[in-house]
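Student: Requesting a structural model of the entry that follows:
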Amino acid sequence: MKYDVVINGYVSLDRIIKTTTPLRYGYTSLVENSDNARIQYGGCSTNIAYLMAKLNMKSLPVIRVGEDDYRETGFYDYLQNAGVCMDAVEIVPNETTSNCYLIADSENNHVTIFYPGAMDKKYAKGMNPEFFKQSQIGVMTVGSYEDNLEFYKQCMAEKVPLVFGMKCDFDAFPEKFFKEVLSSSSIIFCNEGEQGEIQRVFGLNDIRELFNKTAAQIIVTTLGKKGSVYYQKTENGILSHRITAAEFGRVVDTTGSGDAFMAGFLYGYLKGRNIKDCCSLGSVLSSFIIEKVGCTTNAPTEQKFLERFDKFIKEEV
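Tutor: Residues are numbered from 1 along each chain as shown. Predicted coordinates for the structure are as follows:
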């Protein structure tokens, strides 16, 4: 295959703002980080693509960017230098790349303000089937409904195994479509809140009941500081295991840690690792990202990543 993974979802030029006090309507909060105007490259699709490329995987994000700021902001160089496959990057004339303001207060509450720009639904159109024919797996994160639907149709048409990074965004995933995506996904990633939403939508008492209603083979629920738990459908029933969180350095910024978990997991999955190892690899990759501000600032090389993974596994025994 030409690509290991084809990925959809918003791209974003992020500005991260940290305040010294809790955010309150009608009150002014002081900003504590001097780099608040600095652009951090983000968005679920490019986060995953960038991290996997740094691990020497062939990742293909299907994204649209602005005509001028794509290069002016250094975004092009950022992707190019990491080794991200650029074949599916479309430049939209007279438009800007998506912008996002991520605000976190002293109690770690988050507010996100987003301008879709070139990723707006009005620019959505058909995707090149060749991208899907030449990819091992398709990863759906969150984009506009129109982009999500087209990506989903292409994966189904070309029989590309679908991986769903769950998002509770019912504009991007109206409930009928949300159920269709979940029903067709081979691997599902969610956090505890999102798992509850899946159970509500399908009327489940236990997330493992989802295996009886859908094509899911693996469900992974991330638990923050408590680690993660996976469920795997096998001939001998549902296997499950809980994995502790990898902790190595001081936690500076958790933004992007979920995307890093997915990237680390999929690295292991595509390398043929067992699912427990895949979860550990996801946790280890996240441990790098939370040590610095930015979704990919502290992205490791494959060698450093595997060295930390080996250390994590030895400490677990």
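
Student: contacts, neighbours, all on C-alpha from now
Tutor: Will do.

Student: Run through the residues that contact the residue positioned nearest the centre of the chain.
Tutor: For the chain, the residue nearest the mean C-alpha position is residue 259 (3.2 Å; CA atoms, centre = their mean). Contact analysis of residue 259 by CA atoms under 8 Å, 6 or more residues apart in numbering lists 44, 47, 48.

Student: List only buried entries from these.
Tutor: By neighbour count, with 16 or more other CA atoms under 10 Å, those hold 44, 47, 48 as buried.

Student: on that earlier part again, what's the separation between the residue nearest to the centre of the chain and residue 139?
Tutor: Taking CA to CA, to the nearest Å as the measure, residue 259 and residue 139 are separated by 11 Å.

Student: now residue 86, nearest residue through space, not along the chain?
Tutor: Nearest residue to residue 86, sequence neighbours excluded (CA to CA, 6 or more residues apart in numbering): residue 60, at 6.7 Å.

Student: and that neighbour, how many neighbours does it have?
Tutor: 31 (other CA atoms under 10 Å).

Student: related to what we said a few turns ago, ramachandran coordinates for the residue nearest to the centre of the chain?
Tutor: phi -60, psi -40 (degrees, to the nearest 10).

Student: repeat for residue 86
Tutor: According to degrees, to the nearest 10, residue 86 has phi -100, psi 10.

Student: still on that earlier bit, now, which of the contacts of residue 259 lie within helices?
Tutor: 44, 47, 48 (DSSP state H).

Student: what's the average pLDDT for stretch 149-165?
Tutor: Mean per-residue pLDDT for stretch 149-165: 98.

Student: end to end, how far does that stretch reach?
Tutor: Using CA to CA, first and last residues of stretch 149-165 are 15 Å apart.

Student: likewise stretch 158-172?
Tutor: By CA to CA, one end of stretch 158-172 lies 22 Å from the other end.

Student: Can you name the residues in contact with that stretch?
Tutor: 129, 132-133, 135-146, 148, 155, 178, 181-182, 184-190, 194, 197, 262.

Student: Just the buried residues of these.
Tutor: Applying 16+ other CA under 10 Å to those flags 132-133, 135-146, 148, 155, 178, 181-182, 184-190, 194, 197, 262 as buried.

Student: any low-confidence regions in the protein?
Tutor: The model of the chain has pLDDT under 70 over residues 317.

Student: could you pull out the strands for it?
Tutor: 3-8, 12-18, 40-42, 59-66, 89-92, 99-104, 110-115, 135-140, 162-165, 187-191, 218-222, 228-234, 237-243 (DSSP state E).

Student: surely residue 276 meets residue 243?
Tutor: Yes. Using CA atoms under 8 Å, residue 276 is in contact with residue 243, at 7.4 Å.

Student: Assess the claim that residue 140 and residue 8 are in contact.
Tutor: Yes. Using CA under 8 Å, residue 140 makes contact with residue 8 at a distance of 5.3 Å.

Student: Next, show the common contact partners of those two.
Tutor: Jointly contacting residue 140 and residue 8 under the rule CA under 8 Å, 6+ apart are 148, 151.

Student: returning to what we had before: who wins for proximity to residue 53 among the strands of the chain?
Tutor: The minimum distance between residue 53 and these falls on strand 59-66, with 6.0 Å, by CA to CA.

Student: What is that closest one packed up against?
Tutor: Helices and strands touching strand 59-66, by 3 or more CA pairs under 8 Å, 6 or more residues apart in numbering; DSSP states H and E, are strand 3-8, helix 44-54, strand 89-92.

Student: Which among the ones you listed is found nearest to residue 313?
Tutor: helix 44-54 (20.8 Å).

Student: send the alpha carbons of that closest one over as CSV?
Tutor: The C-alpha trace of helix 44-54 is given here as CSV (Å, rounded to 0.1, in the frame of the first residue of the first chain):
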residue,chain,number,x,y,z
CYS,A,44,-7.1,16.0,15.0
SER,A,45,-6.3,14.9,11.5
THR,A,46,-3.0,16.6,11.2
ASN,A,47,-2.0,15.8,14.8
ILE,A,48,-2.4,12.1,14.1
ALA,A,49,-0.8,12.4,10.6
TYR,A,50,2.2,14.4,12.0
LEU,A,51,2.8,12.0,14.9
MET,A,52,2.6,8.9,12.8
ALA,A,53,4.9,10.4,10.1
LYS,A,54,7.4,11.1,12.8
